[in-house]
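S.K.: No letters, just coordinates:
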């Protein structure tokens, strides 16, 4: 009798163990991949309850028990993950400890003004907008900048996870700029007319706006460096346009070029403008610090995105006459002649 009772208890224990094993290892209810969002500070207990309420986790209790038995689930990282269909809870815990969070990308573009870069970041839904409104003034305060915020971010593609903050990305972009600028500054050519790395960055931003042709960057930098060294005004349209801000409507007028109140008007003010006018990449920074040797003091857009360079005013005047007839919408300005307002195709009354 006792043996029969023991045998029955043994069978019942086996059945209970089998039942428990089956219950603990049932596949979850999602027949399709499911996207989950794990935030910083989320605990497994919170996640299990949330996922069960969402309807795809079969049992929060089962997940907690398996976690306790297996020791899994204590190294779950925050981020966005795509969970495969119908994993068992054990397989789910293994997945969560081994999987890499889904990444997103946002690109800050060379030559882009800060306002556009900030607008794009503000519209990036995967970033937590912890600086609102995302204005240049608020960014300057956050980064601890005493001067202009323009040009203080490095143009590059940044990889981030959902729920990363916009402030962390801005910090990364600013620190990256400082690193690149310092590295290039330490390797600069001798005899350049810059008092600081920040002045080199201002020049780099002008070079960035003047040409999209990589091979022309050091040549254009050389033109501007020689003009500075000779005490000539830079006379470059992008700085004037930047200073006009919202008042620029697509046409640069003679009145704009005569405006002394525009501190970025390099037709009226000698030297570099007060600050950068756009985001400058490494190539433009390198060009500003390693300008091409030569005698050129002028250049004019040829209409195909490239420029014709001249060493004398007479040669430049002929080039302006030749290429003004063919100018296209990708026109970029050049240092003007001394009778500049008569020879600037983009300048109107």
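M.R.: Good, I have the coordinates. All values reported here derive from a predicted model rather than from experimental measurement.
S.K.: What residue spans form the domains of the protein?
M.R.: Listed by automatic domain parsing, the domain ranges of the chain are 30-101, 103-182, 192-348.
S.K.: now the ones you listed in JSON lines, with distance to residue 2 and mean pLDDT?
M.R.: In this view, the C-beta of every residue, glycine as well, is placed from N, C-alpha and C. Listed next are the domains of the chain as JSON lines, based on distance: least, CB to CB, whole Å; pLDDT from 0 to 100:
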{"stretch": "domain 30-101", "distance to residue 2": "33", "mean pLDDT": "93"}
{"stretch": "domain 103-182", "distance to residue 2": "62", "mean pLDDT": "95"}
{"stretch": "domain 192-348", "distance to residue 2": "85", "mean pLDDT": "87"}
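S.K.: Take these and lay them out in TSV including mean neighbour count.
M.R.: Compiled in TSV, these are given as follows (neighbours: other CB atoms under 10 Å):
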stretch	mean neighbour count
domain 30-101	16
domain 103-182	17
domain 192-348	19
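S.K.: Mind jotting down where the strands sit in this structure?
M.R.: 34-38, 79-83, 103-107, 157-161, 252-253, 298-301, 307-310, 347-348 (DSSP state E).
S.K.: and the closest residue to residue 262 other than its chain neighbours, how far is that from residue 322?
M.R.: Spatial nearest neighbour of residue 262, excluding adjacent residues (CB to CB, 6 or more residues apart in numbering): residue 243 at 4.1 Å. Using CB to CB, to the nearest Å, one gets 30 Å for the distance from residue 243 to residue 322.
S.K.: How about residue 244?
M.R.: Noted for residue 244: a distance of 29 Å to residue 322, by CB to CB.
S.K.: how close does residue 88 sit to residue 66?
M.R.: As judged by CB to CB, residue 88 and residue 66 stand 8 Å apart.
S.K.: scratch that, residue 195 is what I was asking about
M.R.: 65 Å.
S.K.: got it, and residue 37?
M.R.: 22 Å.
S.K.: and if you look at residue 310?
M.R.: Distance from residue 310 to residue 66, counting by CB to CB: 77 Å.
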